[in-house]
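Enquirer: got a sequence here, can you build the structure:
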Amino acid sequence: MLGTLLVKYAMEQKENILDKFKATWVSHSSIKDFLNCPRLYYFRNVYRDPITGHKITLMQPPLALGGVVHDVIESLSVLPVENRFKVSPLKKFETMWAQISGKKGGFTSRKEESVYKERGRAMIQKIIDNPGPLANKAVKIKEDLPWYWLSEDEQIILSGKIDWLEYIPEDDSVHIIDFKTSKRDEAADSLQLPIYYLLVQNTQKRKVNGVSYWYLERDDAPITMGMPDLKEAEEKILQLAKRIKLAKQLNHFKCKEENGCRYCIPMEQIAKGKGELVGLSGYKQDIYILNSNPSTHIKPLANEDPEIPF
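Expert: Okay, here's the model as predicted:
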C-alpha cells in the first residue's frame, strides 16, 4: 500500500514539474524563424498585440495558396479510401478559396489572385489524376497537434503537424509525406523531415519506413528522401531549442542586420500599426497584410507551405 502511494506521489510530482504550458515549445516552423532572424522569431512566436492579446501573422499570396491546398489534402486524409474522391476535391478547393479571396489572401489585384488560384487548381487536379498514396489507407495520430517531450530536464517540447502518413500494410509501417506548393526545393540541410520522423516515432506505435516530399507543381508522385539519422537529428534540434529557450529567458531577439532584414522588417511594420487587419486565423492569430512593401528591396517573406505556428 505504501509503495503504491509513493509511486502515485512521485508521478504527481513529475506531472507538476512537467507543465507543458510552461515548457518551451519548438517546431520546424519556429526553429526556421529563429535561424532566419531571431527578431522574426520574436514577432511570430512571442509578441502579442497589446489590444487583442493575439499573436500576429503576415498574409501573402504564396501562404494563402499553400494554406488552401494543404487544407484540401487534410480534408481527404480523414475520409475512408473509398470516399475520398466521391466529391471532387476541386469543389472543396473552390469553397476554401472563397475564404481567402481578395485582401484576406494578401492579393493586390484580381489578376494576381487569378494566377495563384489557377496554380492551386492545377495542384488539386494533379492529385485527382495521380492520387498515388492518397488512394491508400492513411494513419491519423490521435492528437490534433502531435508533440512530445524532447527534453524533460530542459522542459522542451517538440511539436508539428504531419501532412500525410500513408499506411503500409505489408509490414504495418507508415510513410511520411510532406506536400510542397512552393516552386523551390526544400534545402538539403532542412530539419523538416527529421523533425517529422522524430514526432511520428514518439507519438504513435508504427515504425517509419520512408520519408518523402511531394512537389505538387511539378511532380506526379512523392520523391523519396534519405532516412534521417534520429540520434543526430535529436541532438541538433535540442541544441537549437536550448538557444531559443535562452533567448526567451533573456528576452534577447536581435536581428543580425543593423537596420533590420527582409524577414523581420515586415513584422516590425505590423507591430508599429502599419498593417491592415483582415481576419483571425484558426490558431487565433491576427492576420495582417501590408498594402505596400515596407522597403523596395524586401523580398516576399512567406513560405508557401504553411506549418503550425509557435
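Enquirer: tell me where the stretch 1-150 of the chain has strands.
Expert: 24-26, 55-58, 147-151 (DSSP state E, counting those that start in this stretch).
Enquirer: please produce TSV containing those, extended by mean pLDDT, mean neighbour count and distance to E94.
Expert: Any C-beta I mention is one placed from the backbone N, CA and C, and that applies to glycine too. TSV is the format used below for the strands of the stretch 1-150 of the chain (pLDDT from 0 to 100; neighbours: other CB atoms under 10 Å; distance: least, CB to CB, whole Å):
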stretch	mean pLDDT	mean neighbour count	distance to E94
strand 24-26	97	22	35
strand 55-58	97	20	24
strand 147-151	97	18	33
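Enquirer: possible to save those strands as JSON lines with distance to A98?
Expert: Formatted as JSON lines, the strands of the stretch 1-150 of the chain follow (distance: least, CB to CB, whole Å):
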{"stretch": "strand 24-26", "distance to A98": "32"}
{"stretch": "strand 55-58", "distance to A98": "20"}
{"stretch": "strand 147-151", "distance to A98": "32"}
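Enquirer: quick one: which of those strands is nearest K180?
Expert: Nearest to K180 among those is strand 55-58 (20.2 Å), distances taken as CB to CB.
Enquirer: and that closest one, what does it pack against?
Expert: In this structure, strand 55-58 packs against helix 38-45, helix 265-271, strand 285-289, with contacts taken as 3 or more CB pairs under 8 Å, 6 or more residues apart in numbering; DSSP states H and E.
Enquirer: nearest approach to I124 belongs to which of those?
Expert: Once the helices and strands packed on strand 55-58 are compared by CB to CB, strand 285-289 is nearest, at 23.1 Å.
Enquirer: other residues contacting that closest one?
Expert: Strand 285-289 is contacted from outside by 49, 52, 54-60, 103-104, 106, 270, 275-281, 309, using CB atoms under 8 Å, 6 or more residues apart in numbering.
Enquirer: could you do stretch 141-149 as well?
Expert: Taking CB under 8 Å, 6+ apart as the rule, stretch 141-149 contacts 18, 20, 23, 25, 156-162, 165, 198-200, 202-204, 308.
Enquirer: ok, of those residues, which come out buried?
Expert: Listed as buried from the contacts of stretch 141-149 are 23, 25, 156-162, 165, 198-200, 203-204, 308; burial here means 16 or more other CB atoms under 10 Å.
Enquirer: okay, and for the stretch 201-310 of the chain, where does confidence drop off?
Expert: The stretch 201-310 of the chain contains residues with pLDDT under 70 at 292-310.
Enquirer: where exactly do the strands run in it?
Expert: 208-215, 223-225, 276-280, 285-289.
Enquirer: generate a PyMOL selection restricted to the buried subset of the contacts of strand 285-289.
Expert: Here is the PyMOL command that selects the buried residues among the contacts of strand 285-289 (16+ other CB under 10 Å):
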select buried, resi 49+54+55+56+57+58+59+60+103+106+270+275+278+279+281
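Enquirer: out of the buried ones among the contacts of stretch 141-149, which is nearest to P133?
Expert: For these, the nearest to P133 is L165 (9.5 Å; CB to CB).
Enquirer: SS state for that closest one?
Expert: strand (DSSP: H, G, I helix; E, B strand; the rest coil).
Enquirer: okay, it and I157: tell me how far apart.
Expert: Look at L165 and I157: by CB to CB, to the nearest Å, they are 20 Å apart.
Enquirer: before we move on, back to that, need the helices and strands packed on strand 55-58 in JSON lines (columns: distance to L191).
Expert: Formatted as JSON lines, the helices and strands packed on strand 55-58 follow (distance: least, CB to CB, whole Å):
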{"stretch": "helix 38-45", "distance to L191": "15"}
{"stretch": "helix 265-271", "distance to L191": "22"}
{"stretch": "strand 285-289", "distance to L191": "23"}
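Enquirer: for R184, find the nearest of the ones you listed.
Expert: helix 38-45 (18.4 Å).
Enquirer: hmm, back to that, out of the strands of the stretch 1-150 of the chain, nearest to A221?
Expert: It is, among these and with distance given as CB to CB, strand 147-151, at 30.0 Å.
Enquirer: quick one: strands adjacent to that closest one?
Expert: According to DSSP bridges, strand 147-151 forms sheet pairs with strand 156-159 (antiparallel).
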